[in-house]
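K.L.:
got a predicted structure here, sequence first:
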Amino acid sequence: MAAKIPPKVQQLLKQLDDYQKTYNAIVAQKQQLQAALLEHKNALEAVKTAKENEVYKLAGTVFFKTDKDQVIKELEESITLLEARISTLEKQEKKLMDDIKRINQEIREYVSRPKQSG
(Lines give C-alpha, C1' and ligand atoms only; values in the text may rest on other atoms or scores of the structure.)
Protein backbone atom coordinates (compact mmCIF):
# COMPACT_ATOMS: atom_id res chain seq x y z
CA MET A 1 0.00 0.00 0.00
CA ALA A 2 1.38 3.42 -0.99
CA ALA A 3 2.01 5.86 1.81
CA LYS A 4 -0.23 8.89 1.83
CA ILE A 5 1.57 12.23 1.57
CA PRO A 6 0.82 14.31 4.66
CA PRO A 7 -1.01 17.62 4.03
CA LYS A 8 1.95 19.63 5.35
CA VAL A 9 4.30 18.00 2.83
CA GLN A 10 1.74 18.50 0.04
CA GLN A 11 1.61 22.19 0.94
CA LEU A 12 5.40 22.45 0.96
CA LEU A 13 5.66 20.65 -2.40
CA LYS A 14 3.10 23.03 -3.93
CA GLN A 15 4.97 26.03 -2.55
CA LEU A 16 8.25 24.60 -3.83
CA ASP A 17 6.76 24.12 -7.31
CA ASP A 18 5.45 27.70 -7.32
CA TYR A 19 8.84 29.08 -6.25
CA GLN A 20 10.65 27.05 -8.90
CA LYS A 21 8.32 28.32 -11.63
CA THR A 22 8.82 31.90 -10.46
CA TYR A 23 12.58 31.33 -10.29
CA ASN A 24 12.64 30.00 -13.86
CA ALA A 25 10.64 33.00 -15.08
CA ILE A 26 13.02 35.41 -13.37
CA VAL A 27 16.06 33.67 -14.85
CA ALA A 28 14.52 33.83 -18.34
CA GLN A 29 13.66 37.52 -17.93
CA LYS A 30 17.16 38.27 -16.62
CA GLN A 31 18.71 36.53 -19.64
CA GLN A 32 16.56 38.64 -21.99
CA LEU A 33 17.60 41.82 -20.21
CA GLN A 34 21.26 40.79 -20.29
CA ALA A 35 21.00 40.25 -24.05
CA ALA A 36 19.36 43.68 -24.46
CA LEU A 37 22.08 45.22 -22.28
CA LEU A 38 24.79 43.72 -24.46
CA GLU A 39 23.05 45.06 -27.59
CA HIS A 40 22.79 48.53 -26.05
CA LYS A 41 26.44 48.53 -25.00
CA ASN A 42 27.53 47.45 -28.48
CA ALA A 43 25.34 50.14 -30.06
CA LEU A 44 26.74 52.76 -27.69
CA GLU A 45 30.29 51.82 -28.59
CA ALA A 46 29.45 51.94 -32.30
CA VAL A 47 27.82 55.36 -31.99
CA LYS A 48 30.68 56.74 -29.92
CA THR A 49 33.23 55.67 -32.51
CA ALA A 50 31.21 57.02 -35.46
CA LYS A 51 32.97 59.94 -37.14
CA GLU A 52 29.76 61.71 -38.13
CA ASN A 53 27.84 64.02 -35.79
CA GLU A 54 24.54 62.60 -36.98
CA VAL A 55 23.55 58.96 -36.92
CA TYR A 56 20.52 56.99 -38.05
CA LYS A 57 18.11 55.69 -35.48
CA LEU A 58 15.37 53.10 -35.93
CA ALA A 59 11.89 53.99 -34.70
CA GLY A 60 9.47 51.19 -35.46
CA THR A 61 10.11 50.42 -39.11
CA VAL A 62 11.51 53.84 -40.01
CA PHE A 63 15.09 55.09 -39.90
CA PHE A 64 15.65 58.76 -39.26
CA LYS A 65 18.71 60.94 -38.87
CA THR A 66 19.35 62.24 -35.36
CA ASP A 67 22.05 63.92 -33.30
CA LYS A 68 24.83 61.58 -32.19
CA ASP A 69 25.04 63.09 -28.69
CA GLN A 70 21.30 62.60 -28.18
CA VAL A 71 21.56 58.93 -29.16
CA ILE A 72 24.53 58.48 -26.82
CA LYS A 73 22.53 60.02 -23.96
CA GLU A 74 19.51 57.78 -24.70
CA LEU A 75 21.65 54.66 -24.88
CA GLU A 76 23.43 55.49 -21.62
CA GLU A 77 20.06 56.01 -19.89
CA SER A 78 18.77 52.72 -21.28
CA ILE A 79 21.91 50.93 -20.10
CA THR A 80 21.50 52.36 -16.60
CA LEU A 81 17.86 51.26 -16.51
CA LEU A 82 18.66 47.77 -17.80
CA GLU A 83 21.44 47.37 -15.22
CA ALA A 84 19.07 48.40 -12.44
CA ARG A 85 16.41 45.95 -13.61
CA ILE A 86 18.97 43.14 -13.84
CA SER A 87 20.19 43.95 -10.33
CA THR A 88 16.62 43.78 -9.01
CA LEU A 89 16.06 40.44 -10.71
CA GLU A 90 19.31 39.10 -9.28
CA LYS A 91 18.13 40.01 -5.77
CA GLN A 92 14.79 38.28 -6.41
CA GLU A 93 16.61 35.28 -7.85
CA LYS A 94 18.83 35.00 -4.76
CA LYS A 95 15.86 35.29 -2.38
CA LEU A 96 13.92 32.65 -4.27
CA MET A 97 16.90 30.31 -4.30
CA ASP A 98 17.22 30.73 -0.53
CA ASP A 99 13.47 30.02 -0.15
CA ILE A 100 13.73 26.94 -2.37
CA LYS A 101 16.63 25.60 -0.29
CA ARG A 102 14.71 26.29 2.92
CA ILE A 103 11.58 24.48 1.69
CA ASN A 104 13.65 21.53 0.45
CA GLN A 105 15.21 21.31 3.90
CA GLU A 106 11.78 21.45 5.57
CA ILE A 107 10.53 18.64 3.34
CA ARG A 108 13.60 16.50 4.11
CA GLU A 109 13.17 17.08 7.84
CA TYR A 110 9.47 16.29 7.73
CA VAL A 111 9.82 13.05 5.78
CA SER A 112 12.80 11.88 7.86
CA ARG A 113 10.86 12.14 11.14
CA PRO A 114 10.03 8.82 12.75
CA LYS A 115 6.51 7.67 12.01
CA GLN A 116 4.18 7.86 14.96
CA SER A 117 1.89 4.91 15.35
CA GLY A 118 -1.66 5.77 16.18
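P.N.:
Looks like it came in fine.
K.L.:
in contact with residue 40, which residues?
P.N.:
75, 78-79, 82 (C-beta atoms under 8 Å, 6 or more residues apart in numbering). (C-beta placed from N, C-alpha, C; glycine too.)
K.L.:
can you lay out the residues you listed as TSV showing distance to residue 101, secondary structure and pLDDT?
P.N.:
Shown next, in TSV, are the contacts of residue 40 (distance: C-beta to C-beta, whole Å; DSSP: H, G, I helix; E, B strand; the rest coil; pLDDT from 0 to 100):
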residue	distance to residue 101	secondary structure	pLDDT
75	38	helix	97
78	35	helix	98
79	33	helix	98
82	29	helix	98
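K.L.:
out of those, which is nearest to residue 33?
P.N.:
Residue 33 has its nearest neighbour among those in residue 82, at 5.6 Å by C-beta to C-beta.
K.L.:
strands along this protein, start to end?
P.N.:
Ranges of strands within the chain are 54-59, 62-67, based on DSSP state E.
K.L.:
now tabulate those in a markdown table and tack on distance to residue 26 and mean neighbour count.
P.N.:
As requested, the strands of the chain are exported to a markdown table (distance: least, C-beta to C-beta, whole Å; neighbours: other C-beta atoms under 10 Å):
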| stretch | distance to residue 26 | mean neighbour count |
| --- | --- | --- |
| strand 54-59 | 29 | 12 |
| strand 62-67 | 34 | 10 |
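K.L.:
save the ones you listed as TSV, and put in distance to residue 86 and mean pLDDT too.
P.N.:
What follows is these, written out as TSV (distance: least, C-beta to C-beta, whole Å; pLDDT from 0 to 100):
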stretch	distance to residue 86	mean pLDDT
strand 54-59	23	90
strand 62-67	27	93
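K.L.:
and the gap between residue 71 and residue 34?
P.N.:
22 Å (C-beta to C-beta, to the nearest Å).
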